[in-house]
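A.B. asks: pasting the sequence and the predicted model now:
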Amino acid sequence: MMDSKRRRVGGALVLILMALAAYQPALLGGYLWDDEFSVEGNDLLRSVQGLWRIWAEPSAIPHEEHYWPLTYTSLWVDTRIWGPRPFGPHLSNVLLHGANCVLLWGLLARLAVPGAWLASAAFALHPVHVESVAWIIERKDLLCAFFYLLAAAAYLRFLEERGRRAFLWSVGFFLCALLSKSTAVSFPLAMLLLVWWKKGKADLRNALAIGSLVVLAVGISVADMAFTARIQTATQGGKYELGFSFPERVLLAARALCFYASKVLWPANLMTIYPRWNIAAGEWSLHLSLLAVAGTICALWLLRGRIGRGPLVAVLFFCIALAPALGFVDFVFMRLSFVADRFQYLASLGPIALFTGAGARFADRLGGPRRGALSLGATGAVLGVLGALSWRQSALYESQITLFRHNVAGNPEAWFAHHNLGVKLAERGETAEGIRHLERALELKPDYAMARHSLGQALNNLGAESKRAGRLEEAADLFRRALDCRPSLAEAHYNLGVVLTQLGRPDEALSHYDKAVGLRPDFAEAQKEAGVLCEVMGRMEEAIERLSAALKLRPDWPEAAVELAWILSTEPDRTLRNGPRAVELAEMACRSKGGKDNAAYLDTLAAAYAEAGRFQKAEQTAREAGALARTAGQLELAAEIEARQRLYAAGSPYHQGAAP
């Protein structure tokens, strides 16, 4: 018994270590795609209040259209443990994938599936799972599968022992799976397959149990779909719809099933955004796919007496687990591609278990002294190839640039990949190449507002760096055209305001900042820039109001704090000055990263001390600020600071209102 336990522990550790080895490159990767919004830039993950809002106010989660609070709770826990570094969430994803492999091994062993450990090892190393594991926000796939497998194990115990407690555990785990990702809705049908496989038919007790699971699945799914429709209406003006007829959706589903099965059997040319098929009733490949799916199911049904019900159950599980992603339900990603590797994270265990089980049975029938060596050699070769492919695939997830370079090489028509690659290249300073990809994205998708917006940003940066007004005018035109395509794009209003400010049109710029805030009341950057602009225009009372609003949205923002502290310290109108508040803000800014080495920050702090009557402290701080400015070669600023220092030494504050 002890040896058996040791073998189980050893086998589980090997599965986890294999997953860690295969995904080692991904552990060192950064935030990818919408990780930047949903994880890195998600302020809800950084406070206790944020955890409450994840559950009670899900619309506050950036760029999330579903109610999947358990996924974000796990990311909240990661943030509390690891801080802002991406390594922690990456490690959690890999460990969760390893845990899923261990759970799968235990479940298949209890179901007496041949080659249970081999199936779990293949699941651990199969490259179609890289997208779910290496992409942080796809924690939803991993967590959903984790609770799905736990729910299946509990239901199997209920099936064997008929205990109420086991069924309640199954219901609880199923609910957790749904709150991680609503694609877990297939669970009741999967349990119906399990009952049919093991018992041949469902008795009244199982029928009632599965019926209650269906009610739970339908209730959560309907609520999630309603939430999605509300979010899409608010952000995009309406719910996304494919516009396909039911026969076209059936053909699409068949084509997708064949695609996914082919990637399990031959995992070549994997990418994030696959080419989008032309779904037309006359396309012969679609009908061939439908024939292949129907023929496979019919053949396994007819052969169930000879080969057992297991192969049919594996194929049907594959179909029902994928059903939510086959096109019968519309979702936004389908505007990019009809398929994605991550959609089959859970479903792939069906064909993996089927083929590894068939291989194990074949090995058992070989017999002879060489059987063990042949089996070991074949197993090692298969797992070695799968592991090498996963290692290579996970290396692509090091950064968005490597990921989308690979994608546009494999799918040159992927306009969204061109856009994301162009944005990241421009951010890295490779502006010319970035602009080429953004222009290509617009060629492929002329009505894509974000491509116009991103190209405008790139041209704005070029214009600002080279001080070429022509580039800035081009950028402004692109922002306007982006707003023509999508009037609700708050970022385009904001960036148009930035460009118009540089072009010397402050009233027009302020109008667009106001529109950005009207569309997104939490748009702190727009409030801050509007405040700075009001300060330049001499509208100090309004500047104070806007900068205060920005700091209310982002209390620890040093740039906004310094701007406001300067006005509160140096504004000639004494009714607007507030020395103690200015000191509080300036000290906060100087405590920020690099704040103590910023001459302008220290200059503002000195002015705040003087306004608060703390002249000795003001003189000392101004002396430090002047020395920093001279060391940095900012001689004009140093001279201004030294002039203010003499005022503080004489016991007088500095009042002028013009920022240093």
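C.D. replies: Arrived safely, thanks for sending. Numbering: from 1, shown residues only.

A.B. asks: lowest average confidence, helix or strand, in the chain?
C.D. replies: helix 449-466 (a mean of 78; mean pLDDT, DSSP states H and E).

A.B. asks: show residues contacting it.
C.D. replies: 415, 419, 422-423, 426, 431, 434-435, 438-439, 441-442, 445, 468-472, 474-479, 481-483, 485-486, 489, 491-492, 495-496, 498-499, 502 (Cβ atoms under 8 Å, 6 or more residues apart in numbering). In short, each C-beta sits where N, CA and C put it, glycine included.

A.B. asks: same check on stretch 86-98?
C.D. replies: For stretch 86-98, contacts defined as Cβ under 8 Å, 6+ apart pick out 15-16, 19-20, 23, 26-31, 35, 39-40, 74-75, 78, 81-82, 124, 129, 132-134, 136, 138-139, 142-143, 146.

A.B. asks: give me the buried entries from those.
C.D. replies: Buried residues within the contacts of stretch 86-98, counting neighbours by 16 or more other Cβ atoms under 10 Å: 15-16, 19-20, 23, 26-27, 29-31, 35, 39-40, 74-75, 78, 124, 129, 132-134, 136, 138-139, 142-143, 146.

A.B. asks: now do the same contact list for the closest residue to Leu111 other than its chain neighbours.
C.D. replies: Using Cβ to Cβ, 6 or more residues apart in numbering and skipping residues adjacent in sequence, the residue nearest Leu111 is Leu156, 7.3 Å away. Counting by Cβ under 8 Å, 6+ apart, Leu156 makes contact with 107, 110-111, 194.

A.B. asks: which pLDDT does the model give Leu103?
C.D. replies: For Leu103, the model assigns a pLDDT of 96.

A.B. asks: now swap in His287 and tell me
C.D. replies: Confidence score, pLDDT, at His287: 86.

A.B. asks: which strands and helices lie in contact with the host helix or strand of it?
C.D. replies: For His287, the host element (DSSP states H and E) is helix 284-302. Counting contacts by 3 or more Cβ pairs under 8 Å, 6 or more residues apart in numbering; DSSP states H and E, helix 284-302 packs against helix 246-265, helix 310-322.

A.B. asks: rebuild the ones you listed as JSON lines, extending it with mean pLDDT.
C.D. replies: Shown next, in JSON lines, are the helices and strands packed on helix 284-302 (pLDDT from 0 to 100):
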{"stretch": "helix 246-265", "mean pLDDT": "94"}
{"stretch": "helix 310-322", "mean pLDDT": "96"}
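
A.B. asks: those: which one's closest to Phe355?
C.D. replies: Evaluated over the helices and strands packed on helix 284-302, closeness to Phe355 peaks at helix 246-265, with 7.6 Å, by Cβ to Cβ.

A.B. asks: buried stuff in the closest one?
C.D. replies: So helix 246-265, judged by 16+ other Cβ under 10 Å, has buried residues 248-258, 260-261, 263-264.

A.B. asks: then stretch 327-340?
C.D. replies: By neighbour count on 16+ other Cβ under 10 Å, the buried set for stretch 327-340 is 327, 329-331, 334, 336-340.
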